[in-house]
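In: Sharing a model that was predicted from the sequence below.
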Amino acid sequence: MKRSVINDIIRESDAFIRSFGYIMPPFAYWPPAELKRHTETDSARIRDHRLGWDITDYGQGKFEELGLFLFTVRNGNNANVEKGRGMLYAEKIMISGENQISPMHRHNLKTEDIINKGGGTLVLELFKANPDGSIDQNAEVNVLTDGTRRSLPAGGLLKLAPGESVTLEPDCWHAFWGEGGKVLIGEVSNVNDDLTDNIFRDPIGRFSQVEEDTDPLHLLVSDYDTWLR
């Protein structure tokens with residue numbers, strides 16, 4: 001993705017998020033030099049826990065069709081999990097465009113609540129995992145939607161209106177997209193590790209390759225290893 005396109009997506013997404021009354025944390029708006037200064041002094045957690053902007057086309061170069069906007073607001077780490085104390089949770093705000101697919105994947109460790117915060121309908125395609133982690137093409141899928149158990153056939157479509165949510169366990173394969181317009185999505189989960197805990201059905205990448213055609217408005221979490229180390 002071109003950096004100029006990423007900058008435009010950041011601006012558009014920020015405006016969309018604000019239209020629902022959700023206010024981003026102050027560090028969201030630090031320019032690269034200020035973020036670097038802070039992470040070298042009093043805010044290393046932002047860098048080390050990969051908080052911040054995350055715009056991905058999954059390395060496929062067709063963001064409008066296959067992509068997702070994310071911002072990680074808070075996140076613990078695996079050291080907390082090993083100790084069983086500290087920050088054991090994560091929170092993201094995301095945007096899925098109309099018919100913009102976040103591709104089929106699952107997690108080894110993360111359980112997550114996916115919440116439709118507003119906009120269109122959020123559609124999820126769901127499969128259960130086999131014991132070896134592969135997709136079970138036949139098994140019924142059972143999930144909790146706001147505390148109520150729902151059962152769907154393999155590959156069934158779960159549609160969430162604004163205000164509704166679903167809890168996805170690690171054995172639940174899922175893809176999702178917006179229907180009837182963009183969807184503002186909340187994610188509340190245990191510790192999030194986007195480097196190792198995303199298992200995709202198809203051989204795609206988690207992050208975008210960035211073409212530097214202009215200066216970054218704000219750094220992406222995938223920039224941190226290059227720009228902040």
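Out: Ah, there it is.

In: in this protein, which helix has the most residues?
Out: The helix of greatest length in the chain, counted in residues with DSSP state H as the criterion, is given as helix 3-18.

In: Just give the number of residues close to residue 56.
Out: Applying other CB atoms under 10 Å, we find 23 other residues in the vicinity of residue 56. Placement of C-beta: from N, CA and C, glycine included.

In: what sits opposite the closest residue to residue 165 other than its chain neighbours in the beta ladder?
Out: Closest residue to residue 165 apart from its sequence neighbours, by CB to CB, 6 or more residues apart in numbering: residue 115 at 4.0 Å. Beta-bridge partners for residue 115, by DSSP bridges, are residue 165, residue 186.

In: Report the separation between residue 115 and residue 170.
Out: Applying CB to CB, to the nearest Å, the value for residue 115 to residue 170 is 18 Å.

In: Name the residue in these two with the higher neighbour count.
Out: A side-by-side neighbour count of residue 115 and residue 170, using other CB under 10 Å, places residue 115 first with 21 against 16.

In: By mean pLDDT, which helix or strand of the chain comes out lowest?
Out: Least confident helix or strand of the chain, by mean pLDDT, DSSP states H and E, is helix 78-83 with a mean of 90.

In: Run the angle between the following helix or strand past that helix and helix 3-18 for me.
Out: Moving toward the C-terminus from helix 78-83, the first helix or strand encountered (DSSP states H and E) is strand 89-96. For strand 89-96 against helix 3-18, the angle between stretch directions is 110 degrees (axes from the mean of the first three to the mean of the last three CA atoms, to 10 degrees).

In: Just the C-alphas of the helix or strand just after strand 89-96, formatted as PDB.
Out: Using DSSP H and E, the next helix or strand after strand 89-96 towards the C-terminus is strand 102-106. Taking Å, rounded to 0.1, in the frame of the first residue of the first chain, the C-alpha atoms of strand 102-106 are listed here in PDB:
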ATOM      1  CA  SER A 102     -11.300  -9.800   6.700                       C
ATOM      2  CA  PRO A 103     -10.200 -13.300   5.600                       C
ATOM      3  CA  MET A 104     -10.900 -16.600   7.200                       C
ATOM      4  CA  HIS A 105      -8.700 -17.200  10.300                       C
ATOM      5  CA  ARG A 106      -8.600 -18.400  13.900                       C
END
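
In: which residues are contacting strand 102-106?
Out: When contacts are taken as CB atoms under 8 Å, 6 or more residues apart in numbering, the neighbours of strand 102-106 outside the stretch itself are 58, 66-68, 96, 125, 127, 129, 133, 135, 170-177, 198-202, 204.

In: out of those residues, which are inside helices?
Out: If you go by DSSP H, the contacts of strand 102-106 have nothing in helices.

In: hmm, which of those residues are the buried ones?
Out: For the contacts of strand 102-106, a burial check counting by 16 or more other CB atoms under 10 Å picks out 58, 66-68, 96, 125, 127, 129, 135, 170-177, 198, 204.

In: Sketch out the strands for the chain, chain order is fine.
Out: Assigned by DSSP state E, the chain shows strands spanning 52-56, 68-75, 89-96, 102-106, 112-129, 135-136, 141-145, 148-152, 156-160, 165-168, 172-190, 199-200.

In: can you tell which of those strands is closest to residue 209?
Out: Residue 209 sits nearest to strand 52-56 of all those, at 10.3 Å, using CB to CB.

In: now what about the closest one, what contacts it?
Out: 1, 6, 9-10, 13, 27-28, 35, 46, 63, 67-72, 194, 206-208, 218-222, 224.
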